[in-house]
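1. Provided below for reference: sequence and predicted model.
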Amino acid sequence: MGVATPDETNADLALALTMADQADAITMSFAMRHDLRIDTKPDMTPVTEADQSTERLLRDMIAAERPDDAVVGEEYGGDAVAGRHWIIDPIDGTKNYVRRVPVWATLIALADDDGVAVGVVSAPALGRRWWAARGHGAWTTGPESPQPRRIHVSAVPTLTDASFSYSDPEGWDRRAFDALIADTQRTRAYGDFWSHMLVAEGTVDIAAEVGLSLWDAAALIPIVIEAGGRFDNVEAGAPGGPVSLSTNALLHDDVIKILRG
């Protein structure tokens, strides 16, 4: 079957959270090593032995627990086939990871014929984790809330009162990028997964970045949506590719108008 029942969804979320626990142990064990091996991929982005070890572990866990499911991962590929498939980014923010900037995370998602059903974002260096499953809300834990806390997007209704976060200006249509900065009240480059999780928490109202891959975005989508927000890949003429946009929903259409000029 391509779509999980509620009980199956809960079991899949439980597995994804267990996978995140194991991933955290590996990524943190490598994080402070001075002899971390760093290679450069053909797209000129870095990859470390931590990325590779983490993805291998997660693939092994899926093979053991969900042998009929397909897997797509940043480091070892795979195809996003119809039906159930897991989507893994072992370390989102590898450039931060190798510089010991704590803004990086393991992203784990499960998709089915109806879209992305489960998403987990685990950022152990920040002490933060976010997760969601279809129909079960979005949740977080962290130093300020060690017990799971349900999260919701903001109620900010106008761009002039909104906070906008992005990763960097590379790849943008600069007219659209500059217009978003000009039309919003506050702009910060929190970057990568964190911008979108701050939208889900309601502390940022708009997050956008250019050229995300499937594994960069999949786990974010159910968390933003279950928190009451919207997530879209917007064809906006940006040279770096579509703009991946998350908002509090109230501002979504206004932002799309800016992105499309």
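-> Cool, the structure landed. Numbering: from 1, shown residues only.
2. ok, now which ones touch the residue nearest to residue 23 when sequence neighbours are not counted?
-> With sequence-adjacent residues excluded and distances taken as CB to CB, 6 or more residues apart in numbering, residue 23 is closest to residue 106, at 4.2 Å. C-beta coordinates here come from the backbone N, C-alpha and C atoms, glycine included. By CB atoms under 8 Å, 6 or more residues apart in numbering, the contact list for residue 106 reads 20, 23-24, 27, 54, 88-92, 120-122.
3. out of these, give me the one that has the most neighbours.
-> Highest neighbour count within the contacts of residue 106, by other CB atoms under 10 Å: residue 89, with 32 neighbours.
4. sorry, back to before: for the contacts of residue 106, which one is nearest residue 246?
-> residue 121 (12.3 Å; CB to CB).
5. give me the pLDDT for that closest one.
-> Looking at residue 121, its pLDDT is 98.
6. now the contacts of residue 106 in CSV, with secondary structure and distance to residue 60?
-> Converted to CSV, the contacts of residue 106 look like this (DSSP: H, G, I helix; E, B strand; the rest coil; distance: CB to CB, whole Å):
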residue, secondary structure, distance to residue 60
20, helix, 15
23, helix, 12
24, helix, 16
27, helix, 16
54, helix, 11
88, strand, 12
89, strand, 17
90, strand, 13
91, strand, 17
92, strand, 20
120, strand, 17
121, strand, 21
122, strand, 18
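7. okay, those residues in TSV with distance to residue 66 next?
-> Formatted as TSV, the contacts of residue 106 follow (distance: CB to CB, whole Å):
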residue	distance to residue 66
20	15
23	16
24	20
27	22
54	18
88	13
89	18
90	18
91	22
92	22
120	15
121	20
122	19
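8. lowest-pLDDT helix or strand in the chain?
-> Among the helices and strands of the chain, strand 38-40 carries the lowest confidence by mean pLDDT, DSSP states H and E, at a mean of 59.
9. what is the mean pLDDT for stretch 161-175?
-> 94.
10. can I get the CA coordinates of it in PDB?
-> Taking C-alpha atoms only, stretch 161-175 is exported to PDB below (Å, rounded to 0.1, in the frame of the first residue of the first chain):
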ATOM      1  CA  ASP A 161       5.500  43.300  10.300                       C
ATOM      2  CA  ALA A 162       7.100  40.100   9.100                       C
ATOM      3  CA  SER A 163      10.500  38.500   9.800                       C
ATOM      4  CA  PHE A 164      12.200  36.900   6.800                       C
ATOM      5  CA  SER A 165      15.100  34.400   7.000                       C
ATOM      6  CA  TYR A 166      17.200  32.900   4.200                       C
ATOM      7  CA  SER A 167      20.600  31.100   3.800                       C
ATOM      8  CA  ASP A 168      22.500  33.400   1.400                       C
ATOM      9  CA  PRO A 169      21.800  35.600  -1.600                       C
ATOM     10  CA  GLU A 170      23.600  33.200  -4.100                       C
ATOM     11  CA  GLY A 171      21.400  32.000  -6.900                       C
ATOM     12  CA  TRP A 172      18.500  34.400  -6.300                       C
ATOM     13  CA  ASP A 173      16.800  36.700  -8.700                       C
ATOM     14  CA  ARG A 174      18.200  39.800  -6.900                       C
ATOM     15  CA  ARG A 175      15.200  41.900  -7.700                       C
END
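11. roughly how far is it from the heart of the chain?
-> On the basis of CA atoms, centre = their mean, to the nearest Å, stretch 161-175 sits 17 Å off its chain's mean C-alpha point.
12. give the buried residues for that stretch.
-> Neighbour counts over stretch 161-175 (16 or more other CB atoms under 10 Å) mark 162, 163, 164, 165, 166, 167, 172, 173 as buried.
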